[in-house]
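# Mind looking at a prediction? Sequence and model below.
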Amino acid sequence: MSNQFPKLNQNLIEQIQDDIITCVDGFVAPDFAPHVRMVDSLCQIIVDRLGRNLTKGRKPRLCRIHVSQPAIKQNLKEIREGTGLGKEPVITCKRGKENLYGHEVRIYDREGNVVASVMQPDDKQLSCGARVWVETTAPVEVDERSAVGLLTTRLER
């Protein structure tokens, strides 16, 4: 098996073999198409194992979220002049070569919980005039640079 997969290390190959043996030993299928279910189960185990191994030790790619001020101005101009709806997304998420645009971006922790949202609600702005803002219930650290030094304030939930 190691000759067929030269890029995989021997430890990973042994783990996959153990997973397949475990799956086959414990597999009880109904009479209809048992081989299809077994193949699907084995494939899922291999994909899961390879996915964990390939991402292990890798640094996650940085995602940059930014707001396009020209897009906000263009939306306001369309509304003011009546030439359009002014609903073009102004929030951009960039990761590598991929760009995604939207009206709201949710940021998740490792467990899948939303920890912050960047939003541009329709026809709504804050009392200060902001049209796009970040909301979170997570702890926040604020760094304020002044002539005296660095002031750090931690706000707990």
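Done, it's in. It should be emphasised that the depicted structure is a prediction, and the values quoted were computed from it without experimental measurement.

# which other helices and strands contact the stretch of helix or strand Glu144 belongs to?
Per DSSP states H and E: Glu144 is located in strand 140-145. If you count contacts as 3 or more Cβ pairs under 8 Å, 6 or more residues apart in numbering; DSSP states H and E, strand 140-145 packs onto strand 150-155. C-betas here are computed from N, CA, C, even on glycine.

# and Lys87, how far is that from Cys93?
Distance, Lys87 to Cys93, by Cβ to Cβ, to the nearest Å: 18 Å.

# How about Ile65?
Taking Cβ to Cβ, one finds Ile65 at 5 Å from Cys93.

# and for these two, which residues touch both?
Common neighbours of Ile65 and Cys93, using Cβ atoms under 8 Å, 6 or more residues apart in numbering, are Val105.

# Could you list the low-pLDDT ranges of the chain?
Counting by pLDDT under 70, the chain shows low-confidence ranges at 1-13, 16-17, 20-40, 43, 47-58, 146-157.
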